[in-house]
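Colleague: Below are the sequence and a predicted model; questions follow.
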Number of protein chains: 2
Amino acid sequence: MRIRIEDVARAAGVSPATVSRVMNEENNVSESTRQRVLDAMKALDYRPLASARSLAGNRTFLIALLYDNNDNPSSTYLAEIQDGVLEACDAQRYSMMVRPLRMRDADLVRRLDSLVSDHHPDGLILTPPLTDFAPLVAFLHERALPFASVSPQHGEGVIGVAMNEQQAARAMVEHLLSLGHRRIAHVTGLPSHGASRWREAGYREAMAAAGLTVDPALVVQGGFTFTTGFEAGRQLLRLDPRPTAVFAANDDMAAGLIWSAGEVGLRVPQDLSVAGFDDVPLARQLWPPLTTVRQPSREMGKIAAAQLLESLRGRGTGELVQVPFSLELRQSTMPPG
Amino acid sequence: MRIRIEDVARAAGVSPATVSRVMNEENNVSESTRQRVLDAMKALDYRPLASARSLAGNRTFLIALLYDNNDNPSSTYLAEIQDGVLEACDAQRYSMMVRPLRMRDADLVRRLDSLVSDHHPDGLILTPPLTDFAPLVAFLHERALPFASVSPQHGEGVIGVAMNEQQAARAMVEHLLSLGHRRIAHVTGLPSHGASRWREAGYREAMAAAGLTVDPALVVQGGFTFTTGFEAGRQLLRLDPRPTAVFAANDDMAAGLIWSAGEVGLRVPQDLSVAGFDDVPLARQLWPPLTTVRQPSREMGKIAAAQLLESLRGRGTGELVQVPFSLELRQSTMPPG
DNA sequence: CAGCTGGTTGAAAGCGCTTTCATCTGTGGC
DNA sequence: GCCACAGATGAAAGCGCTTTCAACCAGCTG
């Protein structure tokens, strides 16, 4: 019924061992043999049985995506990362499993342990804020499990992918400055996230470079959610003088800001410019469409997975790939009235 | 190093065959032996190697979650389903893989075929709108692959989970009627989705039961996204007389409606009541918080997976489980001014 | 030209489980 | 009290790959 390696071997006139070598891209097979085997595999539409490969080869062709769906409000962001990872896995016939974890739970490591012991993934992908959670990272090192990180806070010796968020934030604030804004507020995210710190640093850097001192009242702590953005907006719009522009650390909070402006009868962007960060689908769905920093999340997931898979094969550079950001200038920003 | 079945057998004073029988919950093992084996497994913290079980037992302990991330705008909904499925898998030591597909792509079946041929999942879970996509379902039947559906349109002989959406929609519209609204508009979803049809049917049913004829202008076609809700709102609010309440087929569109009201200076709920469907996190994040129908997506994912796993073991009832809905009455609705 | 080397290839022994089949034990029917 | 029989258990043969090890075959070296 099922085509086995033996069938391919027979068709190609070689031994199963040779077919196996071809499948695993070993380099001690002569080119002519290699071609014959590849042809036979294609002709028979051969699909190696994953469990047999795993059992004999002591690897699973499985990677696990870890995320915190509790401290990470934006399921859209995670969904995009996941899609990217899947795409990379697909290309290499790996499969992906996912594991939601909660940094708050005391048994995070135990849950991770059970994942690892039960399924033996060949490697893992960490997403923020898990990337820098010490107990988790320590566990992975202890078990010598390869992993790649998406946007880790500490990038030394880590493989994965990152974007220069500080520089991106600075560029966005410089855009607001170039429109003529001077009283620019900032709503931060959760302090435990690198994203929050980088974006605030970029904001301060741009302001300082423009020779402006930041009024402490203009920086409000948010939590990456619509609601926290909404509340930060209420607080900022009560100020006198009011800010003419607000840079929010993510799009969800920017949406909340726009909403709070509407509540007190201010119009965006005529009375208040609002800029966000991430470019989630919501950004284009808002009214007015949101000026924001585009973070290529899907692409980042794909790169992280590709980096991991490369390193699993003992190839690859094992570095932290930097992806470029871009500013999406839409209708939520304009020069101050 | 690793504890194998043989080690457990030795510790329990039985043969590996018996340990295997205990693991697989076969019923031809004496109770005393069973206990001894279970104790030994626990004492040694034995974790059977999945690939060995798969190879010998001809099953993979793997299920695949299929979704369409193209025609299904709400990544939140999918994320919740996914979490529920994971929870059920976890409990039974199954693992889950995910596969995004696009109904629009001609090669959907080919992509599914490659998933099945490469990974041999023991079963699948279908989410809307894939649940009723004929080529997909036909393929699964042809391959005799077990599957469970979440909210299928045709429930006969299908195992899975569903909610009576029509009844829920009717209840929501009845709530609006009870507040005193008479001119109630409805924004539909994508016509290919059962959700869209059921919700509209519930709306019409409630209106008819109240003895009201539905002005055709009050029913606007949307597409489940914020933007389509926003545009439907613009259209509805231009009507004269205006509707005093709108029931949107999902929360995203309800958010768009609220936004469109703001644009023309109408306040929700004083000038316009808005109700949604699904109760995604956004519903609570909006201002005002959205009155909506709670659909327990996470729970539904969990139930679908549990049903599938039961049926894989040859147990279970193999039916379509009905979950209850509830109305979340929040601040976006009030009696007409 | 014998001996060596390095590159190719195949035979065969597992990897850690499941499952068949045979064996063994205790039970009830006559 | 003996035999047939059902239930409980173990021995052993795989499941479909990978990998070690040995064999083989040029092509060189001295």
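Modeller: Structure received.
Colleague: Please make it C-alpha for all contacts and neighbour counts, starting now.
Modeller: OK.
Colleague: Tell me where the stretch 51-200 of chain A has helices.
Modeller: When secondary structure is read from DSSP state H, counting those that start in this stretch, the stretch 51-200 of chain A shows helices at A:75-91, A:108-119, A:134-142, A:165-178, A:194-209.
Colleague: What is the worst-scoring helix or strand of chain A on mean pLDDT packed up against?
Modeller: Between all helices and strands in chain A, the lowest mean by mean pLDDT, DSSP states H and E belongs to helix A:281-285, at a mean of 81. Packing partners of helix A:281-285 (3 or more CA pairs under 8 Å, 6 or more residues apart in numbering or on different chains; DSSP states H and E): helix A:251-263, helix B:226-237.
Colleague: And the next helix or strand past that helix?
Modeller: Secondary structure here is assigned by DSSP states H and E; on that basis, the next helix or strand after helix A:281-285 toward the C-terminus is strand A:291-294.
Colleague: Neighbouring strands of that next one in the sheet, and parallel or not?
Modeller: Each strand pairing with strand A:291-294, determined using DSSP bridges, is listed with its direction: strand A:273-278 (parallel), strand A:326-328 (antiparallel).
Colleague: and the residue of the stretch 51-200 of chain A nearest DNA strand C?
Modeller: A:Ala56 (3.2 Å; CA to the nearest atom of the strand).
Colleague: Pull the number of nearby residues for that residue.
Modeller: Neighbours of A:Ala56 under the rule other CA atoms under 10 Å in any protein chain shown: 10.
Colleague: again with A:Gln167
Modeller: Quick note: A:Gln167 (other CA under 10 Å) scores 18 neighbours.
Colleague: got it, and the one 3 residues further on?
Modeller: As a burial measure, the neighbour count of A:Arg170 was computed by other CA under 10 Å and equals 22.
Colleague: The closest residue to A:Pro100 other than its chain neighbours: neighbouring residues, count only.
Modeller: Closest residue to A:Pro100 apart from its sequence neighbours, by CA to CA, 6 or more residues apart in numbering or on different chains: A:Tyr67 at 5.0 Å. By the measure other CA under 10 Å, the count of residues near A:Tyr67 is 23.
Colleague: Repeat that for A:Ala245.
Modeller: Neighbourhood size, A:Ala245 [other CA under 10 Å]: 28.
Colleague: And the one 3 residues further on, by the same measure?
Modeller: Counted by other CA under 10 Å, the residues lying close to A:Ala248 total 34.
Colleague: how close does A:Pro269 get to A:Arg330?
Modeller: 10 Å (CA to CA, to the nearest Å).
Colleague: try A:Pro16
Modeller: Counting by CA to CA, the separation of A:Pro16 from A:Arg330 is 59 Å.
Colleague: before we move on, what about A:Glu87?
Modeller: For A:Glu87, the distance to A:Arg330 (CA to CA) stands at 30 Å.
Colleague: More neighbours: which of those two?
Modeller: The residue with more neighbours, out of A:Glu87 and A:Arg330 and counting by other CA under 10 Å, is A:Glu87; that gives 24 against 15.
Colleague: need the contact list for the more buried one.
Modeller: A:Lys302 (CA atoms under 8 Å, 6 or more residues apart in numbering or on different chains).
Colleague: Kindly provide the distance from it to DNA strand D.
Modeller: From A:Glu87 across to DNA strand D, the span is 22 Å (CA to the nearest atom of the strand, to the nearest Å).
Colleague: okay, that residue: pLDDT?
Modeller: The confidence metric pLDDT takes the value 95 at A:Glu87.
Colleague: Alongside chain B, which residues does the stretch 201-337 of chain A contribute?
Modeller: For the stretch 201-337 of chain A, the residues in contact with chain B (CA under 8 Å from any CA of the partner chain) are A:225-227, A:256, A:259, A:262, A:282, A:285-287.
Colleague: Is it correct that A:Ala305 is in contact with A:Ser149?
Modeller: No - A:Ala305 is beyond contact range of A:Ser149, at 9.0 Å (criterion: CA atoms under 8 Å).
Colleague: which one of these two has more residues nearby?
Modeller: Legend: neighbour count by other CA under 10 Å for A:Ala305 and A:Ser149, higher for A:Ala305 (33 against 30).
Colleague: you'd agree the more buried one is in a helix?
Modeller: Yes - secondary structure assignment places A:Ala305 in a helix (DSSP: H, G, I helix; E, B strand; the rest coil).
Colleague: OK, contacts around the closest residue to it other than its chain neighbours?
Modeller: Nearest residue to A:Ala305, sequence neighbours excluded (CA to CA, 6+ apart): A:Val85, at 5.3 Å. By CA under 8 Å, 6+ apart, A:Val85 lies in contact with A:96, A:298, A:301-306.
Colleague: mind redoing it with 10 Å?
Modeller: A:63-65, A:79, A:95-96, A:125, A:298-306 (CA atoms under 10 Å, 6 or more residues apart in numbering or on different chains).
Colleague: Only the buried subset of these, as a PyMOL command please.
Modeller: Command for PyMOL, covering only those of those found buried under the criterion 16 or more other CA atoms under 10 Å in any protein chain shown:
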select buried, chain A and resi 63+64+65+79+95+96+125+298+299+300+301+302+303+304+305+306
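Colleague: Can you get me a residue count around A:Ser332?
Modeller: Other residues within reach of A:Ser332, judged by other CA under 10 Å, total 25.
Colleague: any idea of the pLDDT on the residue lying closest to A:Ala206 once chain neighbours are set aside?
Modeller: Distances taken as CA to CA, 6+ apart place A:Arg170 nearest to A:Ala206, at 5.1 Å, with adjacent residues excluded. pLDDT for A:Arg170: 98.
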